[in-house]
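Chemist: Task: produce atomic coordinates for the following.
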Amino acid sequence: MPSFPMPFRRPRTPVRAPAASRAAGVGPAPLPRRAGVAAALAAAVALAAPAAHAACAWRAPRVALTVDNDSLTATRADGGYTSGVRIDLFDDAPASGFALDRAVESALGAGLDERCTGAEGGGAALRAISIGQAIYTPRELENPAPQPQDRPWAGWLYAARSWEVLGTDGGRLRSRRLDAAVGAVGDASLARQSQKLVHRILGYAQPQGWDNQLRNQVGVSLNYLERVSFGDERRDLVVHWGGNLGNTQTYANAGATLRYGRALCDLGPGPGATFSGAAAGPAARCNAGSDALRWQVFAGVDVRAVAWDLFLQGDPRRGESAIDPARVVADARIGAAIAQGRWRFTYTLVMRSREFGGPNAVRYPALAFAGATLSY
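Modeler: Numbers count the residues shown, from 1 in each chain. Predicted coordinates:
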């Protein structure tokens with residue numbers, strides 16, 4: 001939000017007291033011209049400072065539900081990353097919190113020109129507690145035998161804690177997010193029960209190979225994502241980079257998303273904070289508020305350099321895997337989102353390059369899965 005200089009008038013020359021009064025020390029002493037100018041400038045800066053601080057703010061959602069599934073595409077082909085469900089409960093993080101929260105948020109905010117604050121709770125970061133489940137299967141769901149030329153059966157049930165700091169840097173909106181997750185891989189993930197229940201409800205054939213899934217073990221993951229927007233509230237390019245460290249997956253990733261729409265008040269397309277105002281300059285957007293109807297279409301790419309993927313390289317209960325995991329995997333995404341106030345709905349189609357190869361390895365269609373997210 002631009003700040004405007006205070007109107008300034010040259011101070012009037014003080015009325016000189018009679019000589020007798022001056023001699024006696026009575027009457028007003030003349031104010032030096034330089035002191036008057038300095039006092040007026042100091043008052044102008046003091047009035048402008050609160051407006052600049054209040055300009056960079058964001059509005060947090062309360063809850064988000066994300067569903068990924070290969071049946072949401074036109075091909076409706078099972079296999080690969082076949083299903084994912086995640087529920088996020090957000091908190092706009094007032095100043096209070098555990099020492100770990102404050103330490104993480106301080107590290108994430110280091111180096112930003114300005115840290116944006118919650119428009120309602122006044123917090124300096126967006127926190128969330130999440131629960132989720134991811135399911136991976138081979139193509140032949142009705143085959144009870146081990147399938148060494150395909151990926152193993154696997155599931156992951158997890159709980160996560162995330163911290164996100166939003167701000168401006170170099171006149172552009174920037175977001176830094178850290179997500180820590182821990183959970184169960186194997187039969188304890190309840191992936192077998194979840195997939196059978198969904199297939200029963202939808203009338204699909206029952207999967208028969210879950211006795212071949214990965215062995216039970218604890219899965220841990222630490223994920224970092226940084227995003228920066230180049231553009232305005234009509235069109236922009238969101239560049240991102242980060243990585244994942246853990247015994248579930250270890251990789252480094254980078255990519256970009258090109259967006260066009262009305263009131264691009266976020267750094268989506270995933271659920272997160274909506275900017276209700278930003279600093280003046282190239283980052284200025286949504287200063288009219290975040291209750292107007294917003295929409296966007298987007299297309300993007302994400303490239304991962306993969307060092308380890310438990311869901312491809314883990315040991316199954318029965319049989320052995322004969323696949324060779326790919327070290328570079330790319331996703332292309334297209335989608336659309338519509339939002340008003342806290343409500344937001346996003347639909348995304350994901351096309352993924354080959355995740356593994358090898359002699360006689362099973363090939364998957366390029367259109368891997370689709371995702372839908374509803375947040376409020």
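
Chemist: from here on, contacts and neighbour counts on C-alpha atoms
Modeler: OK.

Chemist: Quick check: residue 240 touching residue 230?
Modeler: No. Counting by CA atoms under 8 Å, residue 240 sits too far from residue 230 to count as a contact (11.3 Å).

Chemist: can you map out the helices along the protein?
Modeler: All helices of the chain, identified by DSSP state H, fall at 19-23, 33-55, 99-108, 191-202, 310-313.

Chemist: For the second one, give the mean pLDDT please.
Modeler: Per-residue pLDDT values across helix 33-55 average out to 41.

Chemist: Repeat that for the fourth one.
Modeler: Along helix 191-202, the predicted confidence averages to a pLDDT of 95.

Chemist: cool, stretch 230-241 as well?
Modeler: 94.

Chemist: can you give me the end-to-end distance of it?
Modeler: Using CA to CA, to the nearest Å, one end of stretch 230-241 lies 15 Å from the other.

Chemist: tell me, how many neighbours does residue 274 end up with?
Modeler: By other CA atoms under 10 Å, the residues close to residue 274 number 23.

Chemist: what's the distance between it and residue 308?
Modeler: 34 Å.

Chemist: Provide a complete list of residue ranges assigned to strands in the stretch 251-376 of the chain.
Modeler: 274-277, 294-309, 324-325, 328-340, 343-352, 356-357, 367-375 (DSSP state E, counting those that start in this stretch).

Chemist: Would you check that residue 77 makes contact with residue 71?
Modeler: Yes. Using CA under 8 Å, residue 77 makes contact with residue 71 at a distance of 6.4 Å.

Chemist: Looking at the strands of the stretch 251-376 of the chain, spot the one closest to residue 200.
Modeler: Taking CA to CA, strand 367-375 is the member of the strands of the stretch 251-376 of the chain nearest to residue 200, at 20.3 Å.

Chemist: what's the most buried one of the strands of the stretch 251-376 of the chain?
Modeler: Comparing the strands of the stretch 251-376 of the chain by mean neighbour count (mean count of other CA atoms under 10 Å), strand 274-277 ranks first with a mean of 24.

Chemist: Tell me the gap between it and the middle of its chain.
Modeler: 15 Å (CA atoms, centre = their mean, to the nearest Å).

Chemist: Could you list the paired strands of that strand along with their orientation?
Modeler: strand 57-59 (antiparallel) (DSSP bridges).

Chemist: Where does pLDDT dip in this structure?
Modeler: Applying pLDDT under 70 to the chain flags the ranges 1-55, 76, 93-96, 277-290.

Chemist: quick check: domain ranges of it?
Modeler: Using automatic domain parsing, the domain parsing of the chain gives 1-55, 61-375.

Chemist: Which of the ones you listed has the highest mean neighbour count?
Modeler: domain 61-375 (a mean of 19).

Chemist: and the end-to-end length of it?
Modeler: Terminal residues of domain 61-375 are spaced 7 Å apart (CA to CA).

Chemist: which stretch among the strands of the stretch 251-376 of the chain comes nearest residue 184?
Modeler: strand 294-309 (15.2 Å).

Chemist: Show me the contact partners of the closest one.
Modeler: Residues outside strand 294-309 that contact it (CA atoms under 8 Å, 6 or more residues apart in numbering): 247-264, 326-340.

Chemist: try stretch 111-128
Modeler: Taking CA under 8 Å, 6+ apart as the rule, stretch 111-128 contacts 56-60, 88-95, 105, 109, 161-170, 273, 276, 278.

Chemist: mind listing which of the residues you listed are in strands?
Modeler: Within the contacts of stretch 111-128, residues falling in strands by DSSP state E are 57-59, 88-91, 161-169, 276.

Chemist: Phi first, then psi, for the closest residue to residue 149 other than its chain neighbours.
Modeler: Counting by CA to CA, 6 or more residues apart in numbering, residue 149 lies nearest to residue 361, which is 4.6 Å off, once chain neighbours are set aside. Residue 361 has phi and psi values of phi -70, psi 140 when expressed as degrees, to the nearest 10.

Chemist: just checking, residue 361 touches residue 354?
Modeler: No. Residue 361 lies out of contact with residue 354 (CA under 8 Å); the separation is 10.4 Å.

Chemist: who's the closest residue to residue 300 other than its chain neighbours bridged to?
Modeler: Closest residue in space to residue 300, ignoring its immediate chain neighbours: residue 257 at 3.9 Å, by CA to CA, 6+ apart. For residue 257, the beta-bridge partners under DSSP bridges are residue 238, residue 300.

Chemist: now swap in residue 134 and tell me
Modeler: residue 84, residue 156.

Chemist: Wait, it touches residue 153, no?
Modeler: No. Using CA under 8 Å, residue 134 is not in contact with residue 153, being 11.2 Å away.

Chemist: Relative to residue 228, how far out is residue 345?
Modeler: 22 Å.

Chemist: In contact with residue 195: list those residues for me.
Modeler: residue 207.

Chemist: could you check the distance from it over to residue 78?
Modeler: Distance from residue 195 to residue 78, by CA to CA: 11 Å.

Chemist: what's the answer for residue 88, then?
Modeler: 26 Å.

Chemist: Likewise for residue 264?
Modeler: Using CA to CA, one obtains 34 Å as the distance from residue 264 to residue 78.

Chemist: What of residue 170?
Modeler: For residue 170 relative to residue 78 (CA to CA), the value is 45 Å.
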